[in-house]
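1. Got a sequence here, can you build the structure:
(one chain, ligands or ions: 3)
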Amino acid sequence: MSDASVTPRHVAIIMDGNGRWATQKGWPRLVGHRKGSERVKTIVRAAPDLGITHLTVYAFSTENWKRSTEEVLGLMKLFARYIQREAEALSKENVRMCFIGDRKRLEPKLQELMAWIEKRTENNTRLTLTVAINYGGRDELMRAARKLAQQAAEGLIDPDAIDESMLDGALDTAHLPPPDLVIRTSGETRVSNFLLWQAAYSEYEFTPILWPDFTPEVLAEILSRFGHRDRRFGGVKT
Ligand code: IPE
Ligand code: IPE
Ligand code: MG
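-> Ligands and ions are numbered 1, 2, ... in the order given. Okay, the predicted model is just below:
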């Protein structure tokens, strides 16, 4: 289908370039992360009017623990603050907020806030905002494999019955359709362990814009290009 009216339902974003944005201005990296979290708010607000029903953002990878303690703690604080400060607005705007990634390594207080906002917004339907924190595609697949192996060992499932949909259901993203479009900012053209299974047939867009400079206008422009792409899913053009 190459119909200009086609809008991606599920857009996933690798929000990259906060550090460079701040460094270029002679500021600490955390200033870039703060600005980046403001951008998330702006994009969340703009997304439904652009036809997006699911927005997934990569905020912290399983590899990001390698960064300095100061940066990691600063990011964790920003996540907690985002939840606390946005709770009211998300409810008003009918946005459901969810998380993917392994929460066990996060501070208990942050885990509590995550569970609280998920519960508070669970019936909201205008947009599903999913934030990936301590998320890695390989880690998620490993945890899903463990879960299914455990169920098989307990005799709850037959190993031969494990199919794609069962694996889908064991992933953190069980609540989501696959992403139609994955966007990465900052000019890097790699996947960095994001949605490895789910993005098997996603379109990719790479933009040199650093995440703190990303705007709804840029997003709208990327989406308009998406409408002209020919997604074949392994078939032939009809
Ligand atoms: C993306 O920005 C945010 C996170 C990974 C937490 P970066 O912090 O990776 O910014 P750069 O790539 O160093 O510019
Ligand atoms: C990917 O960005 C992870 C997030 C945006 C959260 P990174 O900056 O961590 O990725 P690499 O290190 O450039 O691959
Ligand atoms: Mg980066």
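
2. what are the ranges of the strands in the protein?
-> In the chain, strands defined by DSSP state E lie at 10-14, 54-61, 95-100, 127-135, 181-184, 203-206, listed in chain order.

3. mind checking how far K104 is from E63?
-> From K104 across to E63, the span is 17 Å (C-beta to C-beta, to the nearest Å). Every residue, glycine included, has its C-beta placed from N, CA and C.

4. Pick out whichever of those two has more residues nearby.
-> When K104 and E63 are compared for neighbours, E63 comes out ahead with 11 against 8, by other C-beta atoms under 10 Å.

5. I'd assumed G136 was in contact with that one.
-> Yes - with the criterion set as C-beta atoms under 8 Å, E63 and G136 qualify as a contacting pair; they are 6.8 Å apart.

6. Spit out the residues that contact the two alike.
-> Residues touching both E63 and G136 (C-beta atoms under 8 Å, 6 or more residues apart in numbering): N193.

7. if we can go back for a sec, figure out which of the strands of the chain is closest to T173.
-> Of all the strands of the chain, strand 95-100 sits nearest to T173, with 5.8 Å by C-beta to C-beta.

8. Let me know the pLDDT of the spatially most distant residue from the centre of the chain.
-> If you look at how far each residue of the chain sits from its centre, by C-alpha atoms, centre = their mean, the farthest one is G155, at 33.8 Å. Confidence at G155, expressed as pLDDT, is 98.

9. Likewise for the one 10 residues further on?
-> At S165, the model reports a pLDDT of 97.

10. ok, it to ligand 1 distance?
-> 31 Å (C-beta to the nearest ligand atom, to the nearest Å).

11. Thanks a lot, catch you later.
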